[in-house]
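>>> The amino acid sequence is not available; the structure is as follows:
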């Protein structure tokens, strides 16, 4: 099985290096294209004016924040099930990037909320609260791993926490929705035809792929550091 | 299986009966926290009535959190936990029994005293039952989720604060539904929906949490 060949940290180390390099280049190119489309090509919004352009950072960051937690939980599950060392390392390498994207989503959301809702922070908004709790879950994961000295125990304990967290995220999301929300409904869905302009969607997707490539690049670099640190 | 559960629960209760102070401390903490809020917020009856469900529930969350330490810590310190890990009894059942005993000692007293707190906050008498019921359904979920966190942080430095960071975000749905049930009932809409959801969460947590707690316990005591 070629897959398990790469599950060894030693063989993965050089591969991670080249993945990181190419992903970083892809991230730079995609971000340049996405920002160009976002700032110069996409039309001004009829209601929100230029303020809406933060969507090109905000929405992709929010998507990534949730996606990375799921990917982290998948690595965690793989680590527990297959007992591979690299899986735990990948999970811990992803966590800071996920927390960063969650923070960016919250921060840009606050900046966007000020001109459109008239407030930086709205306690009653379900998505805002779920993102905040997601940030706490990331912090909990990182704090737990930081508190455990033995790396194997840290990996496995983190894995259990990530799995408990990923089961809880939908429950948290729907329970938080019990509050009335003044967030605009989801304006992008895969099933219904997008209501937004094609160029806006294109810019947002470009930025999403840029963030994706960035996340891969950074987590690969981080996993290389972890491999070195543990002397594997 | 039931014999194991009965034996474990009796053991925990006996241990607690020998050291009654621990149980009383948790209950006192709950009472003290709830009486701090009027001092901080002001004594206006209407406002207090409005915030009462949330305050009581947050206090219940915190006292459940603080009592989690004693779930595994003492057994870990004197080596009993190791014997349980090695023993023939399935670890998931042991964790479930210990969690049940924990709820009897740390959750049930809160349920029992909640009408008194509700009276102090001036809630309508019709709401006492809803509040107690929401706590009776919700605090076992807190104990079950908390058991996972307590098992994960077993023997770590700074375990108490870390445990709070791990567990409190996971407590949020229980808080929202529990306080929501009382608020809905006080608005005259009945709190059945929230209570049913709390019951569903209890059922799910009762099935999965002891299992996850057992896995965490094995990891922590390798």
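Thanks, I have the structure now. Everything numeric here is computed off the predicted structure, so don't read it as measured data.
>>> which residues does residue 85 contact?
If you meant another chain, say so; for now it's chain A. By Cβ atoms under 8 Å, 6 or more residues apart in numbering or on different chains, residue A:85 lies in contact with A:7-9, A:79, A:152, A:155, A:232. Where you see a C-beta, it was placed from the backbone N, CA and C, and this is true even at glycine.
>>> could you do chain B instead?
With contacts defined as Cβ under 8 Å, 6+ apart, the neighbours of residue B:85 are B:91, B:217-218, B:221.
>>> for residue A:68, same thing?
Applying Cβ under 8 Å, 6+ apart as the definition, the contact partners of residue A:68 turn out to be A:94, A:97-98, A:101, A:215.
>>> Report pLDDT for it.
According to the model's per-residue confidence, residue A:68 sits at a pLDDT of 95.
>>> Just confirm residue A:121 is within a strand.
No - if the criterion is DSSP: H, G, I helix; E, B strand; the rest coil, then residue A:121 is coil and not within a strand.
>>> And for it, the neighbour number?
13 (other Cβ atoms under 10 Å in any protein chain shown).
>>> What is the neighbour count of residue A:47?
The burial count assigned to residue A:47 is 7, neighbours taken as other Cβ under 10 Å.
>>> Let me know the secondary structure of it.
On the three-state scheme (three-state DSSP), residue A:47 is labelled coil.
>>> Enumerate every residue touching it.
Residue A:47 makes contact with no residue under the criterion Cβ under 8 Å, 6+ apart.
>>> which stretches of chain A have low pLDDT?
Scanning chain A for pLDDT under 70 picks out A:1-3, A:46, A:124, A:178-196, A:232.
>>> Would you mind listing what in it touches chain B?
Within chain A, the positions lying close to chain B (Cβ under 8 Å from any Cβ of the partner chain) are A:80, A:133, A:136-137, A:139-140, A:143-144, A:147-148, A:152-153, A:156-157, A:160-161, A:163-165, A:167-168, A:171-172, A:175-176, A:178.
>>> secondary structure element for residue 81?
Because you didn't say which chain, this covers chain A. Mapping residue A:81 onto the secondary structure by DSSP states H and E places it in helix A:55-82.
>>> look at chain B instead
Once you assign secondary structure using DSSP H and E, residue B:81 falls within helix B:80-86.
>>> From the contact counts, what lies against whichever helix or strand comes after that helix?
Remark: after helix B:80-86, the chain's next helix or strand is helix B:91-106, criterion DSSP H and E. Using 3 or more Cβ pairs under 8 Å, 6 or more residues apart in numbering or on different chains; DSSP states H and E as the contact criterion, the neighbours of helix B:91-106 among helices and strands are helix B:2-18, helix B:20-41, helix B:45-67, helix B:69-77, helix B:80-86, helix B:125-152, helix B:192-220.
>>> in the shortest one, what's buried?
By neighbour count with 16 or more other Cβ atoms under 10 Å in any protein chain shown, helix B:80-86 contains the buried residues B:81, B:84.
>>> Could you verify my assumption that residue B:70 touches residue B:19?
No - look at residue B:70 against residue B:19 with Cβ atoms under 8 Å: they stay out of range, at 9.4 Å.
>>> More neighbours: those two, which one.
residue B:70 (20 against 11).
>>> circling back: top of the contacts of residue B:85 by number of neighbours, please.
The most crowded member of the contacts of residue B:85, judged by other Cβ under 10 Å, is residue B:217 (28 neighbours).
>>> That residue: what's it in contact with?
Residue B:217 makes contact with B:72, B:81, B:85, B:91, B:95, B:151, B:154, according to Cβ under 8 Å, 6+ apart.
>>> cool, residue A:20 as well?
For residue A:20, the set of contacting residues under the criterion of Cβ under 8 Å, 6+ apart consists of A:216-218, A:220-221, A:224.
>>> among these, which are in strands?
The members of the contacts of residue A:20 all map outside strands under DSSP state E.
>>> still on that earlier bit, just the contacts of residue B:217 now: which is nearest chain A?
Nearest to chain A among the contacts of residue B:217: residue B:151, at 8.4 Å, using Cβ to the nearest Cβ.
>>> For the closest residue to that closest one other than its chain neighbours, give me its contacts.
Across the structure, with Cβ to Cβ, 6 or more residues apart in numbering or on different chains as the measure, the residue nearest residue B:151 apart from its sequence neighbours is residue B:216 (3.7 Å). Listed by Cβ under 8 Å, 6+ apart, the contact partners of residue B:216 are A:157, A:160, B:148, B:151-152.
>>> residues from chain B in reach of chain A?
If contacts are counted using Cβ under 8 Å from any Cβ, the residues of chain B sitting beside chain A are B:145, B:148, B:152-153, B:156-159, B:162, B:165-166, B:168-170, B:172-173, B:176-177, B:180, B:194, B:197, B:201, B:208, B:212, B:215-216, B:219-220, B:222.
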